[in-house]
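Novice: Structure here, sequence nowhere to be found:
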């Protein structure tokens, strides 16, 4: 019985680590793609860069809405800010909302 409980706790912990890892991986992919779009989009309009970021979020299945993305340009400097909240299922049936920015 003791072994069964340890096995169950281990499975639950591995599930939580896997869920957090998967969501974090997609966040970093989106962040890298957004940085690339800003860095190499010097001739593109802020609206085009914003569309690229949202398109990548859709590809990664990240819940980023157009309201959560702001791309601004001041002279030669372009900046993109994005904020979204994603539920991370740490335990089956229990989701923890986490805000990424």
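Specialist: That came in fine, so what should we check first? Predicted, not measured: the structure shown is a model, and the values here were computed from it.
Novice: Please go through the chain and pick out the longest helix.
Specialist: helix 2-39 (DSSP state H).
Novice: give the contact list for residue 72.
Specialist: 46, 78, 79, 80 (C-beta atoms under 8 Å, 6 or more residues apart in numbering). Every C-beta, even on glycine, is put in place using the N, C-alpha and C of the backbone.
Novice: Number of residues surrounding the first one?
Specialist: In this case it means residue 46. Using other C-beta atoms under 10 Å, residue 46 is surrounded by 17 other residues.
Novice: One more: the one 10 residues further on?
Specialist: Other residues near residue 56 come to 19 when the count uses other C-beta under 10 Å.
Novice: circling back: show only the entries of the contacts of residue 72 found in strands.
Specialist: Cross-referencing those against strands under DSSP state E gives 78, 79, 80.
Novice: ok, the last one touching residue 71?
Specialist: Yes. The pair residue 80 and residue 71 qualifies as a contact (C-beta atoms under 8 Å) at a distance of 4.7 Å.
Novice: Touching both of the two, which residues are there?
Specialist: With C-beta under 8 Å, 6+ apart, residue 80 and residue 71 have common neighbours 38, 49, 50, 53.
Novice: related to what we said a few turns ago, now, of the contacts of residue 72, which are buried?
Specialist: Buried by 16 or more other C-beta atoms under 10 Å: 46, 78, 80, out of those.
Novice: Return the member of the residues you listed nearest to residue 22.
Specialist: residue 80 (23.5 Å; C-beta to C-beta).
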